[in-house]
Structure formats: C-alpha cells, structure tokens
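A.B. asks: got a predicted structure here, sequence first:
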Amino acid sequence: MASVKNTSKTYTLNTGDKIPAIGLGTWQSSPGEVSKAVEAALRAGYKHIDTALAYQNEKEVGEGIRASGVPRDQIWLTTKLDNTWHKRVQEGIDTSLKNLGVDYLDLYLMHWPSSTDPEDTKKHLEGWNFVDTWREMQKLVGTGKVRNIGVSNFGIKNLEILLNDPSTKIVPAVNQIELHPGNPSPKLVAYNTSKGIHSSGYSPLGSSDSPLYSNDTITEIAKAKGKTPQQILLAWGLQKGWSVLPKSVTPKRIEANFDLDWSLTDEEVAKIDAIPDRFKVCGDSWLPVKVFFGDDE
Ligand SMILES: NC(=O)c1ccc[n+]([C@@H]2O[C@H](COP(=O)([O-])OP(=O)(O)OC[C@H]3O[C@@H](n4cnc5c(N)ncnc54)[C@H](OP(=O)(O)O)[C@@H]3O)[C@@H](O)[C@H]2O)c1
C-alpha cells in the first residue's frame, strides 16, 4: 500500500481551486467543545473545516482555528447561508465572516434549496426562491469575501432548475450532499460530475448512532484490514471520488479518522457498494418546501 496519500489529497474544483479531501464536520459540536475539536484536527493535519451559521458555533470554530496556530491560508474553510437568510445574502456572509473572525471563506454554500420566512420558519418566503438566492450569491464572487460558491442538499431536479435559469452564470463549485453506504446516490453524484460540480459527502459515518458501525460487510473488511469501521467508511468515500466531512469532538477519534494513508481494494469497494440497506440522516420534513424528490437524493 505504498504512496497512498489520502491525507494530502485534494479535488480540483471547476474554479481551479483545490479542496482538501478530508474535512472536519462540526454539526452538533457544541460551542463548549468545538474549538478544542477544531484545534485538535488542525494539529493532527486536517486542512479543511466545515461549519454553518445554523450550527451556531462559528465563533468557537474561529477560536479553534486561531488556537491551532495554523495560518489561515493553509486552511480550507466552508460555511453556509442559512435558510432564513436567503434574501439577505450580503448580511449573511458578513455575519459568518465576523463570527469566524476571518476576512474570506474558501467556500460559501447555500445550505438548503429552501428560502424560509425569517418571521415564521414554517413558511416559505413569498416571492423568493433558491434561484433568487443564487443570483445574489453570484454577486459575492469578486468581492474578496469568498473564493468559491456552491450549494448543498440539491437533488437533480433542483439542480436542473438552477442550471437552466438564465440568471445562473456561475455553476456551483460544490454540491454538499449526504453520502455513505446507506445513501450512496450514484445518479446524483454522476449528475454533479457531468456538470463539473464536486460532490462533498456529509454524514460520511452515518451520523450519530450510525447503524453502519455494526454492518457485517463493514466490520468484516475492518477486521481483515486491521482498521476501524469508521476508517473503512471514510476510505470508501474517498475512493468513490468525493470529499468526506467526518464530525467528531473526541480527539482520539479525530486523529483516527485522519489515519487514512492506505486504500481499499477494488473488490472491497465493490462489496461496500453492494450493501443493500438504505437510510437517510437528513430529510426535508422540517422544511416548508420539499427538496428531495426521489431523484436519487
Ligand atoms: N450540508 C448539510 O445539510 C449537512 C448535513 C449534515 C451534516 N453536514 C456536515 O457533515 C458533517 C458530518 O456529518 P454528521 O455530523 O451528520 O455525522 P458523521 O460525521 O457521519 O458522524 C458523526 C458521529 O460519529 C461519531 N464518530 C466520529 N468518529 C468516530 C469514531 N472514529 N468512532 C466512533 N464514533 C465516531 C461522532 O461522535 P463524537 O463527536 O462524540 O466523537 C458523531 O456522533 C457535519 O458535522 C457537518 O459539518 C452537513
């Protein structure tokens, strides 16, 4: 297994920028623990941190970055525009930059294709939709505040609406979507690739209380290779061609999740591909609009 370098691997985006393949996730990382997690990750060698305004921890993520001593220009930093901020894109990014204590983002994502009324989160914002939001996000490019813009939780149907709209001049650099063996989404990943959009995989471990840790295929491969089930899941994602965003607030797990300079055989990848059980961590029932239409989600 010589010269497998997943920990320094990057994927080249349609802008020419290179996104590091492994990023630390921070959803459900509480403000009290996330700065230590970010610091531990950056010290362990991670070069990519994923957060969001909605996670309510951007301030502490920024503190962790500064505590690590790693220079800002060596870190890929992603955050996301919250649903209730769709009509306030400039204000949204300024708020995130201020929270994080940085003067630019590497990647700014529209968190969901759902423009929600800030006055009533059960309601869709009248007279506005994600195409309007993207039109505003495109204006950020060239301001120095963000190097790349992208989307998240877009299925094929919504991507087609976005890409076919005459106001869309910039193809999203990234579509951040749920990707693990229980939700492998081959059609959506292929669609992203065909449009030059990088797929970034969230919940790569199957999120909290993951059923994947006791899946027979995963545990058998882990045992045979002397790796943990979590490492097998992450290596699979990297070999499928997407970036992976494992979340942990536990320093030992953060380190273990980055111990990935080895590879699965093609046969092992095929066995994981063939796991039949399906589950999804993030649905759309909490949103005022439907965003998943079964178009391979
Ligand atoms: N764009 C979106 O809408 C969206 C949605 C969901 C997620 N995301 C992003 O993707 C990231 C990852 O997804 P996720 O947070 O849902 O889940 P995940 O990374 O798949 O799983 C995280 C869970 O696994 C545990 N864990 C991590 N490493 C472990 C290890 N080595 N051994 C045992 N358990 C381990 C963590 O526990 P501890 O923390 O207690 O160690 C946590 O409970 C998020 O944090 C977020 O940044 C984006």
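C.D. replies: Noted; the coordinates are in hand.
A.B. asks: correct me, but T95 touches A52?
C.D. replies: No. T95 lies out of contact with A52 (C-beta atoms under 8 Å); the separation is 11.8 Å. Quick note: C-beta positions are derived from backbone N, CA and C, even for glycine.
A.B. asks: so for these two, which residue has more residues nearby?
C.D. replies: A52 (22 against 17; other C-beta atoms under 10 Å).
A.B. asks: nearest residue to that one in space, please, no chain neighbours.
C.D. replies: K80 (3.8 Å; C-beta to C-beta, 6 or more residues apart in numbering).
A.B. asks: ok but that neighbour is inside a helix, no?
C.D. replies: No. Going by DSSP: H, G, I helix; E, B strand; the rest coil, the assignment for K80 is strand, not a helix.
A.B. asks: you'd agree it is up against L53?
C.D. replies: Yes. Using C-beta under 8 Å, K80 is in contact with L53, at 6.4 Å.
A.B. asks: the more surrounded of the two?
C.D. replies: K80 (27 against 21).
A.B. asks: which neighbours do K80 and L53 share?
C.D. replies: Common neighbours of K80 and L53 (criterion: C-beta atoms under 8 Å, 6 or more residues apart in numbering): H111.
A.B. asks: residues contacting the residue nearest to A52?
C.D. replies: Contacts of K80 by C-beta under 8 Å, 6+ apart are 51-54, 108-111, 152.
A.B. asks: now swap in E60 and tell me
C.D. replies: E60 neighbours (C-beta under 8 Å, 6+ apart): 31-32, 34-35, 38.
A.B. asks: now V34
C.D. replies: Residues in contact with V34 (C-beta under 8 Å, 6+ apart) are 26, 57, 60-61, 64, 249.
A.B. asks: from the ligand, how far out is T219?
C.D. replies: For T219, the distance to the ligand equals 13 Å [C-beta to the nearest ligand atom, to the nearest Å].
A.B. asks: for that residue, I want the exact helix or strand it lies within.
C.D. replies: Assessed by DSSP states H and E, T219 sits inside helix 216-225.
A.B. asks: and that helix, what's buried?
C.D. replies: Neighbour-count burial for helix 216-225, counted by 16 or more other C-beta atoms under 10 Å, picks out 217-218, 221-222, 225.
A.B. asks: tell me what it is packed against?
C.D. replies: For helix 216-225, the packing partners by 3 or more C-beta pairs under 8 Å, 6 or more residues apart in numbering; DSSP states H and E come out as helix 229-240, helix 266-273.
A.B. asks: redo the buried residues of helix 216-225 as TSV? Include pLDDT.
C.D. replies: Shown next, in TSV, are the buried residues of helix 216-225 (pLDDT from 0 to 100):
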residue	pLDDT
T217	98
I218	98
I221	98
A222	98
K225	98
